[in-house]
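> Provided below for reference: sequence and predicted model.
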Amino acid sequence: MQRICVFCGSRPGAKSAYREAAIALGTLMAAKGYGLVYGGASVGLMGAVADAVLAKGGEVIGVIPESLVARELAHGGLSELYVVRTMHERKALMAERSDAFIALPGGFGTFEELFEVVTWAQLGIHRKPVGLLDVAGYYGPLQAMLRHGVEEGFVPESHEGLCLFGSTPEELIGRMETFQPPDLGRKWVTPSEL
């Protein structure tokens, strides 16, 4: 891994632990020499993780659509800032420039970005690690939902390993550094198996 794409909220969230985790993640990434690729904003958890990487001399690449430059307050001090036309272009460029993905707490946008890269991994489009930083139990319900999907037969059990969970940046990045893509086997069932 050289660069990690971080998905996270443009809001700070209700708990100070979320911002503290964003800062800790950015600090650790810079200490380990990992560049940050993210949504390009200067506010919320997005700004906190970017500022933490920059404070330690790390590389930060932001990607933001034209329509969000003013609303998400594009960060003015990044190593590189790409302004693109659409959200689709944003996500494609972020994925292209990254070797791994981490989701910090966030809302609908974070969920959508996370599930897209997990789906791409499931379909074999990439073999990059995808991690969720479970700050203050934020992703506990999602982890339970993934398990429920396995139990109900909608997610193959081997695919559950596409999502790596960690409660601290050190734990999560450690798991990502040793990640071996699971054997995905066959995702689809045949008519005779219905």
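Happy to help now that I have it.
> Please make it C-alpha for all contacts and neighbour counts, starting now.
Fine.
> For residue 156, give its distance to residue 182.
Counting by Cα to Cα, to the nearest Å, the gap from residue 156 to residue 182 is 11 Å.
> Name the residues of stretch 64-83 that come out as buried.
For stretch 64-83, burial by neighbour count (16 or more other Cα atoms under 10 Å) applies to 64-65, 68-69, 72, 74-75, 78, 81-83.
> Give me the subset of the residues you listed lying in strands.
If you go by DSSP state E, the buried residues of stretch 64-83 have 64-65, 81-83 in strands.
> from the residues you listed, which is closest to residue 139?
When those are ranked by distance to residue 139 (Cα to Cα), residue 64 comes first, at 25.2 Å.
> Contact partners for that closest one?
39-41, 74, 81-84, 87, 90 (Cα atoms under 8 Å, 6 or more residues apart in numbering).
> Export the residues you listed to TSV and append columns for pLDDT and distance to residue 98.
Listed next are the contacts of residue 64 as TSV, based on pLDDT from 0 to 100; distance: Cα to Cα, whole Å:
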residue	pLDDT	distance to residue 98
39	96	12
40	95	14
41	93	17
74	90	20
81	97	15
82	96	14
83	96	17
84	96	17
87	93	17
90	96	12
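> ok so, going back, and of the buried residues of stretch 64-83, the nearest to residue 146?
Checking the buried residues of stretch 64-83 against residue 146 by Cα to Cα gives residue 64 as the nearest, at 29.6 Å.
> per-residue confidence for the closest one?
pLDDT, residue 64: 95.
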